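Undergrad: predicted model and sequence follow; I will ask about them next.
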Amino acid sequence: MESPLVSSGPQSVRPLLLFSPDRELGAEARHALAAAGPVRSASSWTAFRKQATGSLCAVAVLAGDGGMPEHTEELAAFRSAAPVVPLVLVTREDPEMLRTLAPVPVDEVVWLGEMPEALALAARRAVSRGWRRRMSWTFGLSAGVPRVLREALALAARAGVPFRSVSALGDAAGADRRTLWRAWREATDGEGARGLKEVLGWLLLLRAMRLRDGGLSWSAAADRLEVGPKALRRTSRSLMDVDLRGLGRAGIAAVVEGFERRVLIPLEKGHRRDRVS
């Protein structure tokens, strides 16, 4: 049988991590980012790298007044140390400087002239897309994720319209729902989400929050996802213990936290157990 959805209750959200060599710009960015969630400042590039794994999103504010090759090296080192942490770069709009920074993959770029208005929104967008990179990275730990499950979850993550049931996902993936349920239990050793029905619920909330952040009403978002407002409300209650108004206040960061805690972290733990055994 498919397991019921499980309320995870409201959870604390990891902070956004900010680094800026320029104190004045750093203070302006910190104030702007407060609209997106709690903010922690790093005092150096080394601290920026070390604190990244405990952060929901990293923001580097670089004025670009000399030293850009050094900054590029530091950003590349950050990306190597924290490959799945969303990264927002705030810098001046300069074609030559952008060419220098081009080798470093970032999720969002905000021009200094757009500060502070655009920064919080850019951070939220980076967070809302970051779960896909983390999910792909988790699936790369193939030893801990059975192939049938990995392929089904990848299909669910790519689907334009969310799957409403494990049976529908299984039909699309060419696997029996009982096979998928057993694969999930095997991969997670019973930790995290009780079954794929809960996983599908998290994917639904992530998509709904992205549409909501894009300016749609909850009703319009539900219609776009072909689920209806009542189903979306039930899922929010089951997973986040809040109604849709409360979900909007909690924000995309809280949903990402729940998805990682209930879905991705158990999969990663399963991989580590397999390597030890």
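TA: Looks like it came in fine.

Undergrad: got the contact list for R49?
TA: Counting by C-beta atoms under 8 Å, 6 or more residues apart in numbering, R49 touches 77-78, 81-82. No exception for glycine: its C-beta is placed from N, CA and C like everyone else's.

Undergrad: can you check S20 too?
TA: Taking C-beta under 8 Å, 6+ apart as the criterion, S20 is in contact with 26, 29, 60-62, 90.

Undergrad: go with 6 Å
TA: S20 makes contact with 26, 61 under the criterion C-beta atoms under 6 Å, 6 or more residues apart in numbering.

Undergrad: also L17?
TA: 40, 42, 51, 55, 58.

Undergrad: list phi and psi for it.
TA: Dihedral pair for L17: phi -110, psi 130, per degrees, to the nearest 10.

Undergrad: quick one on the thing from earlier: and which of the contacts of L17 is nearest to R185?
TA: Nearest to R185, judged by C-beta to C-beta, of those is S55 at 31.1 Å.

Undergrad: grab the nearest non-local neighbour of the closest one.
TA: In this structure, S55 finds its nearest non-sequential neighbour in L17, 3.7 Å apart by C-beta to C-beta, 6 or more residues apart in numbering.

Undergrad: E96 falls within a strand, correct?
TA: No: secondary structure of E96 (DSSP: H, G, I helix; E, B strand; the rest coil): helix, not part of a strand.

Undergrad: and the gap between the residue nearest to S55 and F48?
TA: To F48, L17 is 7 Å away according to C-beta to C-beta, to the nearest Å.

Undergrad: for the stretch 51-200 of the chain, what spans make up the strands?
TA: Taking DSSP state E, counting those that start in this stretch, the strands of the stretch 51-200 of the chain run over residues 57-62, 87-91, 108-111.

Undergrad: nearest to P229, out of these?
TA: strand 57-62 (29.1 Å).
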